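J.: structure for this input, please:
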Amino acid sequence: LERQAATDEVLRVIAGSPGELNPVFQAILERATRICEAKFGNLLLYEGDTFQRVAVYNAPLAWEDLTRRDPVIRTSGKSPLIRLLTTKQSIHVADIRKEEAYLGGETALVGLAELAGARTMINVPMLKENELIGAIAIYRQEVCPFTEKQVALVTNFASQAVIAIENTRLLSELRESLDQQTATSDVLKVLSSSPGELEPVFEAMLGNATRICAAKFGSIYLKEGDDFRIVAMHNAPPPFAEARTRQPVIRPGP
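T.: Numbers count the residues shown, from 1 in each chain. Modelled structure (predicted):
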């Protein structure tokens, strides 16, 4: 019942936070850590060749401070995360202090053991069509292996995290598409209502382009011979706007 309630809570967070991943990641990590009777945990996203911590739950203060200062994990060839990356399967470590990577001084494992007191851990991959996009890791401060059911539960939470990421991506694409359609419609309306007038069309185009691309300000130039003349500005800082108003023609250098 507790597991079902936790899953329902996470699904409610996903439904109630469209496009927001931080509260979803935090809810998933908290439930996974608590129900599996772990001490603390973190949720990682994999990008490029590194893992980045994007959520931390109940971590010891010294280790949390370290992860806040340096959220990126650069793994060595024998670390559990490298094995997860290679196999794309859950990695269960009964005792971190007996790991070859720990004995060899691998930074992430040494920090976990020395600063956080971690001993037993599981790393569960977050997979989308067999592509690794992240991992959930939970830790115990005593040597006490997790059960198969607990590993399966964290795997289920990892699947929910992937669903949330995909939903956010699709929602972002939909919003972007709607913004572009709205902007195009706005420009077409200006074109139809201002036949033969270029200034309002330029202003509409520039305003929409600046907004959709999340830019601060923008300009439109027309080429005249070898020069460029500014014909529209949107949200330009006053000093820039004044300078361009005084000297609208730009002569490119050699």
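J.: can you pull the contacts of Ala152?
T.: Neighbouring residues of Ala152 by Cβ atoms under 8 Å, 6 or more residues apart in numbering: there are none. The way it works is simple: take the backbone N, C-alpha and C, and place the C-beta from them, glycine included.
J.: which SSE is it in?
T.: For Ala152, the host element (DSSP states H and E) is helix 148-193.
J.: now do that helix: distance to the chain's middle.
T.: 13 Å (Cα atoms, centre = their mean, to the nearest Å).
J.: next, count neighbours for Lys98.
T.: Using other Cβ atoms under 10 Å, Lys98 has 11 neighbouring residues.
J.: what distance do you get for it to Cys144?
T.: Applying Cβ to Cβ, to the nearest Å, the value for Lys98 to Cys144 is 14 Å.
J.: cool, Ala241 as well?
T.: From Ala241 across to Cys144, the span is 66 Å (Cβ to Cβ).
J.: which of the two has more neighbours?
T.: Neighbour comparison, Ala241 and Cys144: the larger count goes to Ala241, with 16 against 12 (by other Cβ under 10 Å).
J.: give me every residue that touches that one.
T.: Met233.
J.: which pLDDT value does the model give it?
T.: As predicted, Ala241 sits at a pLDDT of 83.
J.: can you check Ser177 too?
T.: Turning to Ser177, the model gives it a pLDDT of 66.
J.: again with Gly104
T.: Gly104 is given a pLDDT of 87.
J.: shift numbering so it begins at 23
T.: Sure, I'll start numbering at 23, so the last one becomes Gly126.
J.: that one: neighbouring residues, count only.
T.: 13.
J.: ok, Ile113 next?
T.: 20.
J.: report the beta-bridge partners for it.
T.: Asn145 (DSSP bridges).
J.: what angle separates the host helix or strand of Ile50 from helix 170-215?
T.: Using DSSP H and E, Ile50 sits in helix 44-57. Helix 44-57 and helix 170-215 are oriented at 170 degrees to each other (axes from the mean of the first three to the mean of the last three Cα atoms, to 10 degrees).
J.: any idea of the mean pLDDT in helix 44-57?
T.: Helix 44-57 shows a mean pLDDT of 88.
J.: counting by contacts, list what it packs against.
T.: If you count contacts as 3 or more Cβ pairs under 8 Å, 6 or more residues apart in numbering; DSSP states H and E, helix 44-57 packs onto helix 24-38, strand 62-69, strand 72-79, strand 153-162, helix 170-215.
J.: many thanks, I have nothing further to ask.
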